[in-house]
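J.: coords below, sequence missing:
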């Protein structure tokens, strides 16, 4: 699983990206911080990478960071 944090240039770009996450059943969670023009989402690795790339191609992205989530302690 990966978590991505994305920051946008404007609310339109953020809303478009949020709509993309809502259209995908593989997204485990997605949060918006409208005041900071920031969105975070969690998804399986390949799906997360593909979604972040699609959002980048849409434009309006000013910063993006993606990280692997550590497994829960009971999974180790």
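T.: Perfect, I can see it now. What you see is a predicted model, and the numbers here were worked out from it, not measured in a lab. Residues are numbered from 1 along each chain as shown.
J.: quick one: contacts of stretch 3-22?
T.: Residues from elsewhere that reach stretch 3-22, judged by C-beta atoms under 8 Å, 6 or more residues apart in numbering: 27, 30, 32, 34, 36-43, 48, 51-52, 54-55, 58-67, 69. Every C-beta, even on glycine, is put in place using the N, C-alpha and C of the backbone.
J.: ugh, wrong one, stretch 48-64
T.: 1-10, 12-14, 16-17, 20-21, 24, 27, 41-43, 66.
J.: Only the buried residues of it, if you could.
T.: 48, 51, 52, 55, 60, 61 (16 or more other C-beta atoms under 10 Å).
J.: what does stretch 16-33 give?
T.: So for stretch 16-33, counting by 16+ other C-beta under 10 Å, buried means 17, 18, 20, 21, 27, 30, 32.
J.: chain center to it, what's the gap?
T.: 7 Å (C-alpha atoms, centre = their mean, to the nearest Å).
J.: That one - what's its average pLDDT?
T.: Stretch 16-33 comes out with an average pLDDT of 95.
J.: Quote the end-to-end distance of it.
T.: Length of stretch 16-33, first residue to last, C-alpha to C-alpha, to the nearest Å: 14 Å.
J.: Residue numbering should commence at 4 henceforth.
T.: Got it, first residue is 4 now, which makes that one stretch 19-36.
J.: Give me the subset of the contacts of stretch 51-67 that lies in strands.
T.: Counted as lying in strands by DSSP state E, out of the contacts of stretch 51-67, are 5, 6, 7, 8, 9, 10, 11, 44, 45, 46, 69.
J.: and the fifth one, how many residues sit next to it?
T.: Spelled out, it's residue 9. 25 (other C-beta atoms under 10 Å).
J.: Many thanks, we can stop here.
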